[in-house]
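Novice: predicted model and sequence follow; I will ask about them next.
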Amino acid sequence: MDVDEAVRGARLLAADIEESVGFSAQISAEYTEDWRRFGEQSGRPVPKAWVSIGVPDAGTSAALDPTKSGSGTAEGFAMELVRILQDDIQIHIREPWPKDPTASGRALEPTERGWRSRTDPGYLVPYGRLGR
């Protein structure tokens, strides 16, 4: 996947975070010194490309090398990022995020196409449209 498509996926997720919980989200395609240090400490090789999303209000961030991504679409990249961030956001707001309107007390599940209900597979919200 190219960086532009990955950034588009990160922006879709950022819109969902900003619209649904009101937290700002920051997107970057720069392999910053903080990420470089983390990579060195964890023994990971320097990535060929880099896309990160930070959610300072929830004290969390996620980053992936889109050239190593398992997805070929912006939506798939958004799903990969949200799988890293979802628990941290839920812990911070102390409730399921995003709430599944078809199942009390449950969160919607990230998929390659968008947010899906675990109890009603027909309920799907495309990335970038959550909270609108």
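Specialist: Structure received.
Novice: lowest average confidence, helix or strand, in this protein?
Specialist: helix 33-42 (a mean of 90; mean pLDDT, DSSP states H and E).
Novice: put the alpha carbons of it into CSV.
Specialist: C-alpha atoms of helix 33-42 as CSV (Å, rounded to 0.1, in the frame of the first residue of the first chain):
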residue,chain,number,x,y,z
GLU,A,33,12.7,10.6,16.7
ASP,A,34,10.3,9.2,19.4
TRP,A,35,9.3,6.4,17.0
ARG,A,36,12.9,5.9,16.0
ARG,A,37,13.9,5.4,19.6
PHE,A,38,11.0,3.0,20.2
GLY,A,39,12.0,1.0,17.1
GLU,A,40,15.6,0.8,18.3
GLN,A,41,14.6,-0.3,21.8
SER,A,42,12.2,-2.9,20.5
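Novice: let's see the helix or strand just after that helix as CSV, backbone CA atoms only.
Specialist: Where DSSP states H and E defines the elements, the next helix or strand beyond helix 33-42 is strand 51-55. In CSV, the C-alpha atoms belonging to strand 51-55 read as follows (Å, rounded to 0.1, in the frame of the first residue of the first chain):
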residue,chain,number,x,y,z
VAL,A,51,2.0,6.5,9.0
SER,A,52,1.0,7.3,12.6
ILE,A,53,-2.1,8.6,14.4
GLY,A,54,-2.0,10.1,17.8
VAL,A,55,-4.9,10.8,20.2
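Novice: can you list the strands that the next helix or strand after strand 51-55 pairs with?
Specialist: Moving toward the C-terminus from strand 51-55, the next helix or strand (DSSP H and E) is strand 60-64. Strand pairing for strand 60-64, using DSSP bridges, gives strand 51-55 (antiparallel).
Novice: how about the partner strand: buried residues?
Specialist: Across strand 51-55, burial judged by 16 or more other C-beta atoms under 10 Å covers Val51, Ser52, Ile53, Gly54, Val55. Any C-beta I mention is one placed from the backbone N, CA and C, and that applies to glycine too.
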